[in-house]
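Chemist: Have a look at this fold, sequence not included:
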């Protein structure tokens with residue numbers, strides 16, 4: 001068996017922030033720790049899209065930044081094509097970084113307002129020493145690839161619409177010839193019609209160039225449309241991971257006459273997220289029961305013991321507070337971090 005293109009093992013990312021005494025109003029000697037990612041493992045195959053979903057603060061963007069080596073890693077490892085990214089230094093790290101690109105949520109903030117579009121797209125080639133004699137031709141080729149013509153090359157970001165700017169960001173991400181593109185809420189700030197155009201563009205580029213996507217989003221309908229596999233995160237921990245059709249029963253029914261092939265969610269948090277998806281036909285009678293979670297997300301400074309979701313879980317028992325639940329195999333390729341999987345599947 002060949003190794004996955006990207007493999008993250010037991011990733012831990014801890015942020016240390018200065019504390020303050022509540023009574024003396026002065027800094028305390030020991031910094032506070034925020035465990036933003038706590039033991040997450042994932043795999044991404046060539047040409048595959050892995051969706052990362054969860055509420056704000058669940059660790060999605062931190063995982064992306066750790067893969068890009070933009071934040072320090074407390075423990076764990078990140079392997080790209082079998083090579084340990086966390087141990088790489090110097091020229092070897094730069095070459096590994098060239099193979100991973102990132103598209104952020106806000107295209108305007110991602111582009112230097114003082115640089116032309118051509119200069120922004122050309123920058124990754126300059127950083128990695130690529131295509132020294134044909135960079136202008138490559139810029140025009142990339143613009144055409146994302147649906148923009150050559151006249152955009154000498155414009156500035158302020159002269160483009162939001163959708164056009166995001167197309168430029170995608171072109172810039174492809175400039176280093178990456179194998180993996182991390183899409184961190186890449187369509188969240190766009191209008192619905194423009195969002196659909198960008199999603200279709202991303203799918204076409206994936207088919208034509210064999211790209212692998214790490215797709216971070218809040219919109220589960222978009223995740224269903226884009227992803228091959230989905231990982232659900234909560235407060236820095238993995239809750240569930242499965243093939244898309246194993247979670248989205250309606251999507252599985254479109255591809256099979258046997259709906260029983262799709263077991264659905266096997267974690268209470270996943271079930272709650274899926275129940276919040278609006279029906280595809282707003283005029284149709286929706287037979288699904290909305291599962292509303294009580295309470296707020298706990299502070300990452302003092303997460304609950306055991307299962308971090310237990311304070312909001314409708315089926316939690318005392319045992320949920322004792323130990324962090326190990327992964328339970330629901331089906332091949334489908335795992336849930338819940339000690340009450342059978343009860344969760346009936347929600």
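Modeler: Looks like it arrived, so ask away. Since the model is a prediction, treat every value here as computed from it, not as a measurement. Residues are numbered from 1 along each chain as shown.

Chemist: got the contact list for the residue nearest to residue 128 when sequence neighbours are not counted?
Modeler: Spatially, and ignoring its direct neighbours in sequence, residue 128 is nearest to residue 98 (4.8 Å; Cβ to Cβ, 6 or more residues apart in numbering). Any C-beta I mention is one placed from the backbone N, CA and C, and that applies to glycine too. For residue 98, the contacting residues are 124, 128, 176-178, by Cβ atoms under 8 Å, 6 or more residues apart in numbering.

Chemist: ok, now with 7 Å
Modeler: By Cβ atoms under 7 Å, 6 or more residues apart in numbering, the contact list for residue 98 reads 128, 176, 178.

Chemist: neighbours of the second one, just the number please.
Modeler: It stands for residue 176. Neighbour count of residue 176, defined by other Cβ atoms under 10 Å: 17.

Chemist: Phi and psi next, for the residue most central in space within the chain.
Modeler: What sits nearest the mean C-alpha location of the chain, by Cα atoms, centre = their mean, is residue 216, with 2.7 Å. As for residue 216, its main-chain torsions (degrees, to the nearest 10) stand at phi -100, psi 130.

Chemist: Thought residue 58 was touching it, still the case?
Modeler: No: under the criterion of Cβ atoms under 7 Å, residue 216 makes no contact with residue 58, lying 10.0 Å away.

Chemist: And the strands in the chain?
Modeler: Using DSSP state E, the strands of the chain run over 6-17, 32-44, 49-53, 75-80, 83-84, 100-103, 180-184, 212-216, 229-234, 237-243, 328-331, 334-336.

Chemist: Name the surrounding residues that touch the fourth one.
Modeler: Applying Cβ under 7 Å, 6+ apart, the contact partners of strand 75-80 are 6-12, 66-67, 84-86, 96, 99.

Chemist: That strand: partners in the sheet, and parallel or antiparallel?
Modeler: When pairing is defined by DSSP bridges, strand 75-80 lines up against strand 6-17 (antiparallel), strand 83-84 (antiparallel).

Chemist: Among those strands, single out whichever gets nearest to residue 187.
Modeler: strand 6-17 (21.6 Å; Cβ to Cβ).

Chemist: Below-threshold pLDDT in the stretch 151-300 of the chain: ranges please.
Modeler: Where the stretch 151-300 of the chain drops to pLDDT under 70, the residues are 249-263, 280-289.

Chemist: repeat for the stretch 1-150 of the chain
Modeler: Checking the stretch 1-150 of the chain against pLDDT under 70 turns up 1, 19-30.

Chemist: check contacts around residue 318.
Modeler: Shown in contact with residue 318 (Cβ under 7 Å, 6+ apart): no residues.

Chemist: picking up where we left off before, so can I have JSON lines of the strands of the chain showing distance to residue 200?
Modeler: Below are the strands of the chain laid out as JSON lines (distance: least, Cβ to Cβ, whole Å):
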{"stretch": "strand 6-17", "distance to residue 200": "24"}
{"stretch": "strand 32-44", "distance to residue 200": "22"}
{"stretch": "strand 49-53", "distance to residue 200": "14"}
{"stretch": "strand 75-80", "distance to residue 200": "28"}
{"stretch": "strand 83-84", "distance to residue 200": "33"}
{"stretch": "strand 100-103", "distance to residue 200": "15"}
{"stretch": "strand 180-184", "distance to residue 200": "14"}
{"stretch": "strand 212-216", "distance to residue 200": "14"}
{"stretch": "strand 229-234", "distance to residue 200": "20"}
{"stretch": "strand 237-243", "distance to residue 200": "22"}
{"stretch": "strand 328-331", "distance to residue 200": "31"}
{"stretch": "strand 334-336", "distance to residue 200": "28"}
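
Chemist: re the thing from before, quick one: which of the contacts of strand 75-80 is nearest to residue 164?
Modeler: Scanning those for proximity to residue 164, where the rule is Cβ to Cβ, the winner is residue 99, at 26.7 Å.

Chemist: Count the residues that sit near the closest one.
Modeler: Neighbour count of residue 99, defined by other Cβ under 10 Å: 17.

Chemist: Surely it touches residue 177?
Modeler: No: using Cβ under 7 Å, residue 99 is not in contact with residue 177, being 8.1 Å away.

Chemist: just checking, what packs against the longest helix anywhere in the chain?
Modeler: In the chain, with assignment by DSSP state H, the single longest helix is helix 192-209. Secondary-structure packing of helix 192-209 (3 or more Cβ pairs under 7 Å, 6 or more residues apart in numbering; DSSP states H and E): helix 162-174, helix 220-226.

Chemist: can you redo the contacts of residue 98 as a markdown table with distance to residue 105?
Modeler: Listed next are the contacts of residue 98 as a markdown table, based on distance: Cβ to Cβ, whole Å:
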| residue | distance to residue 105 |
| --- | --- |
| 128 | 24 |
| 176 | 20 |
| 178 | 19 |
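
Chemist: Tell me the spacing between the closest residue to residue 17 other than its chain neighbours and residue 16.
Modeler: The shortest distance from residue 17 to any residue other than its chain neighbours is 5.1 Å, reached at residue 32 (Cβ to Cβ, 6+ apart). According to Cβ to Cβ, to the nearest Å, residue 32 and residue 16 sit 7 Å apart.

Chemist: Next: residue 119.
Modeler: Applying Cβ to Cβ to residue 119 and residue 16 gives a distance of 37 Å.

Chemist: Who has more neighbours out of these two?
Modeler: Counted by other Cβ under 10 Å, residue 119 and residue 16 do not tie: residue 119 has more neighbours, with 16 against 12.
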